[in-house]
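>>> Below are the sequence and a predicted model for it; my questions follow.
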Amino acid sequence: MAHTGRFSWVWSLALWLGAAFLVASITPRTVLRLSQWRQLRTETAQLEQKLQTLRQQERALQQELQRVQTDLGRESLMRQRGWIRKGEEPLRIDP
């Protein structure tokens with residue numbers, strides 16, 4: 001009977017040492033993976049914010065495109081760029 005108790009104690013010690021070895025060998029990789037995961041999460045959040053900004057810009061540009069595809073919109077754009085109609089004279093204001 002005593003022999004079985006010592007045998008159980010040896011196996012228990014061996015299992016604990018094996019578990020400690022596994023934890024010690026896995027931990028550096030786990031820390032590396034966690035730091036990479038945090039970095040990727042941060043990058044993903046930044047890219048999602050940038051994507052949202054780009055989508056807002058796209059909507060604004062689509063609206064501008066629809067506006068300038070009308071006659072009134074084209075005329076407005078031309079006047080913003082300094083064009084005048086035939087027969088009109090530009091108004092100059094000297095400071």
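On my side now, so go ahead.
>>> CA atoms for contacts and neighbours, from now on please.
Noted.
>>> do you know how far residue 72 is from residue 87?
From residue 72 across to residue 87, the span is 19 Å (CA to CA, to the nearest Å).
>>> How about residue 27?
For residue 27, the distance to residue 87 - CA to CA - is 81 Å.
>>> what's the model's confidence in stretch 31-41, averaged?
For stretch 31-41, mean pLDDT rounds to 92.
>>> Next secondary structure after the strand or helix carrying residue 12?
Counting by DSSP states H and E, the element that carries residue 12 is helix 2-68. Next along the chain after helix 2-68, taking DSSP H and E as the criterion, comes helix 71-80.
>>> now that next one against helix 2-68, angle please.
For helix 71-80 against helix 2-68, the angle by axes from the mean of the first three to the mean of the last three CA atoms, to 10 degrees is 90 degrees.
>>> give me the number of residues near residue 59?
Burial of residue 59 is recorded as 12 neighbouring residues (other CA atoms under 10 Å).
>>> Let me know the pLDDT of it.
pLDDT for residue 59: 97.
>>> show me what contacts it?
For residue 59, no contacting residues are found, by CA atoms under 8 Å, 6 or more residues apart in numbering.
>>> try 10 Å this time
53, 65 (CA atoms under 10 Å, 6 or more residues apart in numbering).
>>> where's it relative to residue 14, distance?
65 Å.
>>> Report pLDDT for the residue nearest the centre of the chain.
Taking CA atoms, centre = their mean, the centroid of the chain lies closest to residue 47, which sits 1.9 Å from it. Residue 47 carries a pLDDT value of 98.
>>> what sits against it?
Residue 47 is in contact with 41, 53, counting by CA under 10 Å, 6+ apart.
>>> quick revisit: between residue 27 and residue 87, tell me which one has more neighbours.
Shown here are residue 27 and residue 87; by other CA under 10 Å, residue 27 has more neighbours (11 against 6).
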